[in-house]
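Engineer: what's the 3D shape of this:
(one chain, ligands or ions: 2)
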Amino acid sequence: KDLKKHFPLSGGMLQGAKNYVKAVDGIDLEIFEGETFSLVGESGCGKSTLGRTIIRLMEPTEGEIKFGGQAINSLTKKQLLPFRKDMQLIFQDPYASLNPRKRIGETLREPFQIHQLYSTREQKEKIYELLRHVGLNEDAYTRFPHEFSGGQRQRIVIARALALSPKFIVCDEAVSALDVSIQSQIINLLKKLQNEYNITYLFISHNLNVVKYISDRVAVMYLGKIVESAPKGELFKNPLHPYTQALISAIPLPNPEKERSRERIILEGDVPSPVNPPKGCRFHTRCPMVKPVCKEVEPTMIEMENSHKIACHLYN
Ligand code: SF4
Ligand code: MG
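Structural biologist: Ligands and ions are numbered 1, 2, ... in the order given. Below you'll find the model as predicted:
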C-alpha cells in the first residue's frame, strides 16, 4: 500500500536538495493466493525494484507490505527470517545466479544449511527430489553449472527457489534470456509447479506474449506507477490506457495474414527521467491523447467494469 522506493543520487544536488531516483513512487497492489500476477512495462519503469521491495530484498522508502495478512515492512532481519522461506526470487540470467565453482548439489544444499533443516542424508534425498521435479536427472548433483544449457540452468535455479517450499515467488524476466522454444518449456514448468504446490507468482516481464500466456491478472507500469490493471483476458481484449494500447499494438502477430490488421501505435520521445517525472500524468509527454488537464493534474486510479482499474483522465 502506497509503496515507494527512492534511491538517492550520489552527488546529485539540485538547488541544495538531494535528488532521488523515484523508481517506485506510490503503488497499491494486491496479489491473490495461487495466482500469477504480472507486471509489464519498458525497462527502467521500476518493475524489478517493485518486485524486490515487495519481498524485502530492498528496504521500502515508504508504504506498507503485508504478506498473508501480516505487515512485514518494519520487521527486523531476524523477525523476517521465517518469511524468507516463503518468498523467493528467480531472475533473468541463470548463469550469473549460479556459482560456477560449486557443484549443483552444493548449490541446492545451501537453502537447507541457511535455515538449518534436515540431516545431511535427508538433504541429499530432498535435492534428488527437487531435481526430478524440475525435470533434471539425479546425476546433475555432482556436475557444475557450465555443463548445462541455459534452459537446464534455469531449471536448477527454479529447483533452488523451490527448496524451502515457498508460497510466493517473484520471477523477474525469468525466461527472457532463453530461446523461444526453451521459454515455453520453462513457463510450462512454472505452471506445473504452481498447480502442484499452490505457489503464487509475481511475474515480471517486458514480453507481452509471455505475459498473455502465463498470467491471471496483469498490471502495467510506467515511470514508477501502475497505470492500469485488469484480469488478463480483459486487459488484452480491452486495453484502456493509451500506454497499454501502444504496448499491445506492438506485439508481433503470430499469423499476420489471418488476423485482423491492427494499427501499430508508435510512441514519440523517450521515457522521461524518474528523478524529475513530469507533472500531472507522467505519460503526458508521450501520450497521443493528451489533454490540457493531463499536464496539471495527476489522474487517480478508478475501478471500471470487470475489475479493470485505470489511471487516466479519459475515463474520469
Ligand atoms: Fe494520456 Fe492524459 Fe490519459 Fe495521461 S491522463 S494517459 S496524458 S489521456
Ligand atoms: Mg528489470
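Engineer: use CA for all of it now, contacts and neighbours both
Structural biologist: OK.
Engineer: for the stretch 51-200 of the chain, which spans come out with low pLDDT?
Structural biologist: For the stretch 51-200 of the chain, the stretches with pLDDT under 70 are 94-95.
Engineer: What segments of it are strands?
Structural biologist: For the stretch 51-200 of the chain, the strands defined by DSSP state E, counting those that start in this stretch occupy 66-67, 70-71, 87-91, 168-172, 200-205.
Engineer: Compare these and give me the one nearest Gly51.
Structural biologist: strand 168-172 (6.4 Å; CA to CA).
Engineer: How many residues are close by Asp270?
Structural biologist: 8 (other CA atoms under 10 Å).
Engineer: Get me the contact residues on the stretch 101-250 of the chain for ligand 1.
Structural biologist: Selection of the stretch 101-250 of the chain residues close to ligand 1 by CA under 6 Å from any ligand atom yields 241-242.
Engineer: what about 8 Å?
Structural biologist: 241-243 (CA under 8 Å from any ligand atom).
Engineer: got those residues as a markdown table, with pLDDT and distance to Cys281 columns?
Structural biologist: Below are those laid out as a markdown table (pLDDT from 0 to 100; distance: CA to CA, whole Å):
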| residue | pLDDT | distance to Cys281 |
| --- | --- | --- |
| His241 | 98 | 12 |
| Pro242 | 97 | 12 |
| Tyr243 | 97 | 11 |
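Engineer: Sort out which of those are in helices and list them.
Structural biologist: 242-243 (DSSP state H).
Engineer: excluding its backbone neighbours, what's nearest Arg264?
Structural biologist: Ser249 (4.9 Å; CA to CA, 6 or more residues apart in numbering).
Engineer: I'd say that neighbour and Ile265 touch.
Structural biologist: Yes: counting by CA atoms under 8 Å, Ile265 is a contact partner of Ser249 at 6.0 Å.
Engineer: Sketch out the helices for the stretch 51-200 of the chain, chain order is fine.
Structural biologist: With helices called from DSSP state H, counting those that start in this stretch, the stretch 51-200 of the chain shows them at 77-86, 104-114, 120-133, 150-162, 180-197.
Engineer: still on that earlier bit, distance to Val157 and mean neighbour count for the strands of the stretch 51-200 of the chain - can I get that in CSV?
Structural biologist: Output for the strands of the stretch 51-200 of the chain, formatted as CSV (distance: least, CA to CA, whole Å; neighbours: other CA atoms under 10 Å):
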stretch, distance to Val157, mean neighbour count
strand 66-67, 23, 14
strand 70-71, 28, 10
strand 87-91, 7, 21
strand 168-172, 11, 24
strand 200-205, 15, 24
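Engineer: can I get those in a markdown table with distance to Gln183?
Structural biologist: What follows is these, written out as a markdown table (distance: least, CA to CA, whole Å):
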| stretch | distance to Gln183 |
| --- | --- |
| strand 66-67 | 29 |
| strand 70-71 | 34 |
| strand 87-91 | 14 |
| strand 168-172 | 13 |
| strand 200-205 | 12 |
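Engineer: looking at those strands, which is closest to Cys294?
Structural biologist: Among the strands of the stretch 51-200 of the chain, the nearest to Cys294 by CA to CA is strand 200-205 (27.6 Å).
Engineer: Can you tell me what sits against the closest one?
Structural biologist: Around strand 200-205, the neighbours that count as contacts under CA atoms under 8 Å, 6 or more residues apart in numbering are 31-41, 47-48, 51, 167-174, 176, 194, 211, 215.
Engineer: ok, back up a step: just give the number of residues close to the residue nearest to Arg264.
Structural biologist: What Ser249 shows, counting by other CA under 10 Å, is a neighbour count of 15.
Engineer: What pLDDT is listed against it?
Structural biologist: pLDDT for Ser249: 92.
Engineer: Provide a list of residues in contact with whichever residue of the stretch 1-150 of the chain sits closest to ligand 1.
Structural biologist: As assessed by CA to the nearest ligand atom, ligand 1 sits closest to Gly41 within the stretch 1-150 of the chain, at 14.2 Å. Gly41 sits next to 47, 205-206, 220-222 when contact means CA under 8 Å, 6+ apart.
Engineer: which ones among those residues are found in strands?
Structural biologist: Within the contacts of Gly41, residues falling in strands by DSSP state E are 205, 220-222.
Engineer: Closest one to ligand 1 out of the residues you listed, please.
Structural biologist: Checking the ones in strands among the contacts of Gly41 one by one against ligand 1 (CA to the nearest ligand atom), the nearest turns out to be Tyr222, at 10.2 Å.
Engineer: Help me confirm that that closest one comes into contact with His284.
Structural biologist: No: assessed by CA under 8 Å, Tyr222 is found out of contact with His284, at 11.2 Å.
Engineer: Pull the number of nearby residues for Ile266.
Structural biologist: With other CA under 10 Å as criterion, Ile266 counts 12.
Engineer: quick one: contacts for it?
Structural biologist: Counting by CA under 8 Å, 6+ apart, Ile266 has contacts Ala246.
Engineer: how about 10 Å then?
Structural biologist: Counting by CA atoms under 10 Å, 6 or more residues apart in numbering, Ile266 makes contact with 246-247, 249-250, 286, 288.
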